[in-house]
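K.L.:
Kindly return the folded structure for what I paste below:
(chains A and B, ligands or ions: 2)
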Amino acid sequence: MAAPEPILRMRGIGKQFPGVRALDGVDFRLLPGEVHALMGENGAGKSTLIKVLTGVYEIDAGQIELAGRPVAFSSPLAAQQAGISTVYQEVNLCTNLTVAENIFAGREPRRMGRILWREMRRRAAELLARLEIDVDVTAPLSSCSLAVQQMVAIARAVDIDARVLILDEPTSSLDAGEVAQLFRVMRRLKDQGIAILFVSHFLDQVYEIADRMTVLRNGRLVGEYRTAELPQVELVAKMIGRELAELKALEDRPPEPDGAPLIEARELSRTGAIQPFSLTIHRGEVLGLAGLLGSGRTELARLLFGADHATSGTLRVDGKETALRTPRAAMGHGIAFCSENRRAEGLVPGLTVRENLLLALQATRGWARPLPRARQEELVEKYINALNIRPADPEQLVRNLSGGNQQKVLLARWLILEPRLLILDEPTRGIDVGAKTEIQRLVAELSGGGMAVLFVSAELEEVLRLSHRVGVLRDRRLVAELENGEQLTTDRLMETIASGAAS
Amino acid sequence: MTTAGLRRGLLRGRRPLPRRYVPVLVTTGLLIAMFAAGGVRYENFATGQIVLNVFVDNAYLLVVAIGMTFVILTGGIDLSVGSVIALSTMVSATLISDGWAPLPVIGLVLLMGALLGLGMGAIIQYFEIQPFIVTLAGMFLARGLCYVINTESVKITDPLIVALGETHVPLGPELWVSPSVIIALVVLLAAIYVLQYTRFGRGVYAVGGSEQSALLMGLPVARTKMAVYTISGFCSALGGVLFAFYTLSGWSLHALGTELDAIAAVVIGGTLLTGGYGYLFGTVLGVLVLGLIQTILNFEGTLSAWWTKIVIGLLLFAFILLQRLIGARGGQAPPTPS
Ligand SMILES: Nc1ncnc2c1ncn2[C@@H]1O[C@H](COP(=O)(O)OP(=O)(O)OP(=O)(O)O)[C@@H](O)[C@H]1O
Ligand SMILES: [Mg+2]
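P.N.:
Ligands and ions are numbered 1, 2, ... in the order given. Next up is the predicted model:
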């Protein structure tokens, strides 16, 4: 590649938040016709760099040039008009509008000022069909799953006639098929000479799609590299500033559980959500759930937590038949559920990290019995360290944490409860490699101590590394339960997911 | 169950009737029920002219409620509308009795209302102050200005205005409306068009859905928010002009508490106070419900006017509860495929 003139150049960018230096003298350039990955741990400053570029925040220092001309955008609208189209990290759409409107909001097809609704719907349907998303474009966005919402945000961004496309963790809720689809679109855009900035914590995805990458650490530039010339181990070392030796440590299989059955489901089902299934989880056991998007993983988990009502079947906890009618009842039995949708459920953004961490614990103790301050601080410190939440300041508002660090706080809040059964729905989504291993280690440790874990994840490696057994779901049916032994590989798991039969 | 059967079941289960239409349907039902009850109970009730009179008596309220709908759809509120009505009647009456020609006066009053709204919108947007506070200040300001102009009621005798106030536009045998009704309907149609068919209108819904998202989607949020207050100001001024036609006077105590009537009409019409959901058609129904309550109480004769307030209060409770129920179910996480 004869180095063409960069379409975008940022020099010496600095950004200070109260108490946090988010960016410090960062240089960045983006060439036309390349996919450029922006890499770094949670809180490294990736999203902040994107936000100062697109006018969400003002910069404190540095210059930005677009196609050789200095620019300073006052709002995302200004950036969009200059040809920079962005999907921000948290899905930012209006759930009260229809799918079609979300794609075209602000640039609806018009004739003499009149919106052409039919044309808009047709074009939205076409666009989504090209991305192979099957969804009714007249449905309100609130009725769509997180994955579809993310695809809609992407569809909107790629349809805007742009010179620069920015995707901040676009793949966090997508399954393999949808990611492949997105990559096809990205390659096509790249061939048209569009510059693409891509953020992801999935290293495999980055190596598959990115031509070059820029690594940030603690708000500082580490360097710019060609993907082909930087092996994964070195990339990780550059991101976290040390070798990631601990990854190996977990490779030994977790010790076999010997506990009694904790929860037993018999022919449990919910019409339209999941077909009848029977499942037993023992004390100290990690049960993985694998399956594609929409296969019913979350639905199964929600039934066990009492978040939805079963339409048939029975549930036994400790051998006694129980109807878990509400999450509160489930929590009374020591069952905790860490949901995949951290934005809608879970965190209170206006409270501090400490308050968020202790919220669930305090609720189960009852408000009349406050936790002693010293104990609070001890617990909070333990989990901030265990999950490497940054900044490691218990009094920081959760709203001000980076996306990945918010996810860690949510997870820690449930871990702190030390429940008997912990249901984790995509716990490592949006979390960097270092923290991911920490979380996996913690899960293994807790299950060693007798806690049962139901682990839902789209990442098969992760499921295999942690689980004693793996349940496979397909088309809202539990099709197989596999012992996690030497013979179980990701390939075999994939096969089972695809064929729907336990071979 | 066969796959096909399951499919059909799922499809049927998915979108029985879009939930966003439910409040409007409920209000429609309520209106029909009220009209039927009135027809059964009183002689001479179930006639076309009764319905038309509701329009005639409430044309100004309809116009004001239309402006209010824009504001509430963005998640805001405008408490100044009643005072702006009074100020408009006052300015019109004073200027006309000073010998100004009526048409320029009306133009001036409309401009004044729009500017007032724009000013409040700009303060809300750029100083990031709650709409509630800003428009509350606007309410006191406009009412106060009335007293500065004149503490007494001012009569309007201009022939054009009197004609506009007293003309009966025939609609059929024994059926008529006032010119104000026609003006209000024109405003309604224009507003429906703007909300449904222009980028600005869709932006209003987007801002109400999530201001933060709308901003990040690159929508002109600041402009939209200021525009809705401008529209509301304009509609209040126009409402004031219609009110002047209706009463043929300007007075500082006109339209006391009308802001609350307008808000009630919008809410009863099914628009969510937190923004993002609602239709102008619902607002029309809301105004009709309020007007019909008044009519029924007039027919009853013996009941005090305070019963109107009590009934409106109960209805408001019922509707806010209804929205809460719908919202609670709507807000539940959709079956997130894992
Ligand atoms: N509005 C804010 N106020 C205060 N601090 C903030 C704010 N936004 C971000 N920060 C801080 O700036 C730092 C960089 O955050 P940023 O969101 O850019 O991280 P990131 O690299 O995108 O991480 P992730 O991978 O978790 O998304 C973090 O320490 C974060 O706590
Ligand atoms: Mg980020």
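K.L.:
how many other residues sit next to the residue in the stretch 1-150 of chain A that ligand 2 sits nearest to?
P.N.:
For the stretch 1-150 of chain A and ligand 2, the shortest gap (Cβ to the ion) falls at residue A:47, measuring 3.1 Å. Quick note: C-beta positions are derived from backbone N, CA and C, even for glycine. Applying other Cβ atoms under 10 Å in any protein chain shown, we find 22 residues neighbouring residue A:47.
K.L.:
Surely it is in contact with residue A:401?
P.N.:
No - with contacts counted by Cβ atoms under 8 Å, residue A:47 stays clear of residue A:401, the gap being 10.8 Å.
K.L.:
What separation do you get for the residue of the stretch 51-200 of chain B found nearest ligand 2 and residue A:105?
P.N.:
For the stretch 51-200 of chain B and ligand 2, the shortest gap (Cβ to the ion) falls at residue B:128, measuring 25.5 Å. Note on residue B:128: its distance to residue A:105, by Cβ to Cβ, to the nearest Å, is 23 Å.
K.L.:
again, but for residue A:267
P.N.:
Residue A:267 is 45 Å from residue A:105, by Cβ to Cβ.
K.L.:
Which one's more surrounded, the two?
P.N.:
Shown here are residue A:267 and residue A:105; by other Cβ under 10 Å, residue A:105 has more neighbours (23 against 12).
K.L.:
Tell me the backbone dihedrals of the more buried one, please.
P.N.:
Here is the backbone geometry of residue A:105 (degrees, to the nearest 10): phi -50, psi 130.
K.L.:
Show the subsequent helix or strand relative to the helix or strand bottoming out on mean pLDDT in chain A.
P.N.:
Each helix and strand of chain A was given a mean pLDDT (mean pLDDT, DSSP states H and E); the minimum falls on helix A:246-249 at a mean of 50. Downstream of helix A:246-249, the next assigned helix or strand under DSSP states H and E is strand A:261-270.
K.L.:
Now the helix or strand just after that following strand - C-alpha only, PDB.
P.N.:
Using DSSP H and E, the next helix or strand after strand A:261-270 towards the C-terminus is strand A:274-282. Output in PDB follows, covering the C-alpha atoms of strand A:274-282 (Å, rounded to 0.1, in the frame of the first residue of the first chain):
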ATOM      1  CA  ILE A 274     -38.800 -21.900  25.100                       C
ATOM      2  CA  GLN A 275     -39.900 -25.500  24.600                       C
ATOM      3  CA  PRO A 276     -40.200 -27.800  27.600                       C
ATOM      4  CA  PHE A 277     -36.800 -28.700  29.000                       C
ATOM      5  CA  SER A 278     -35.400 -30.600  31.900                       C
ATOM      6  CA  LEU A 279     -32.200 -29.500  33.500                       C
ATOM      7  CA  THR A 280     -30.400 -30.100  36.800                       C
ATOM      8  CA  ILE A 281     -27.700 -27.900  38.200                       C
ATOM      9  CA  HIS A 282     -25.600 -29.200  41.100                       C
END
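K.L.:
Strand A:274-282: which residues count as buried?
P.N.:
Under the neighbour-count criterion of 16 or more other Cβ atoms under 10 Å in any protein chain shown, strand A:274-282 has A:274-277, A:279, A:281-282 buried.
K.L.:
So what touches the strand or helix carrying residue A:101?
P.N.:
Assigned by DSSP H and E, residue A:101 falls within helix A:99-104. Residues outside helix A:99-104 that contact it (Cβ atoms under 8 Å, 6 or more residues apart in numbering or on different chains): A:93-94, A:108, A:120-121, A:123-125, A:127-128, A:135-141, A:144, A:148, A:152-153, A:155-156, A:159, B:202, B:206, B:217.
K.L.:
Report the buried members of those.
P.N.:
A:93-94, A:108, A:120-121, A:123-125, A:127-128, A:135-137, A:139-141, A:144, A:148, A:152-153, A:155-156, A:159, B:202, B:206, B:217.
K.L.:
returning to that earlier point: in a helix, that's where the residue of the stretch 1-150 of chain A closest to ligand 2 is, yeah?
P.N.:
Yes - Residue A:47: assigned to a helix according to DSSP: H, G, I helix; E, B strand; the rest coil.
K.L.:
now it: how far from residue A:399?
P.N.:
Relative to residue A:399, and taking Cβ to Cβ, residue A:47 is found at 13 Å.
K.L.:
Would you enumerate the residues in contact with the residue nearest the centre of chain B?
P.N.:
Nearest residue to the geometric centre of chain B (Cα atoms, centre = their mean): residue B:65, 1.0 Å. Contacts for residue B:65 (Cβ under 8 Å, 6+ apart) come out as B:261-262, B:265-266, B:269, B:283, B:286-287.
K.L.:
Show the residue spans covered by the helices in chain B.
P.N.:
B:3-14, B:22-41, B:48-73, B:81-97, B:102-126, B:131-149, B:159-166, B:179-197, B:199-209, B:211-216, B:221-247, B:258-268, B:280-300, B:306-331 (DSSP state H).
K.L.:
in the fifth one, what counts as buried?
P.N.:
By neighbour count, with 16+ other Cβ under 10 Å as the criterion, the buried positions of helix B:102-126 are B:102, B:105-106, B:108-110, B:112-114, B:116-125.
K.L.:
cool, and the fourth one?
P.N.:
Applying a neighbour-count criterion of 16+ other Cβ under 10 Å, the buried positions in helix B:81-97 are B:81-96.
K.L.:
Could you list every helix and strand in contact with it?
P.N.:
helix B:48-73, helix B:102-126, helix B:131-149, strand B:154-155, helix B:221-247, strand B:249-250, helix B:258-268 (3 or more Cβ pairs under 8 Å, 6 or more residues apart in numbering or on different chains; DSSP states H and E).
K.L.:
what's around the closest residue to residue B:110 other than its chain neighbours, how many residues?
P.N.:
Leaving aside its sequence neighbours, residue B:110 sits nearest to residue B:237 (Cβ to Cβ, 6 or more residues apart in numbering or on different chains; 5.0 Å). By the criterion of other Cβ under 10 Å, residue B:237 has 32 neighbours.
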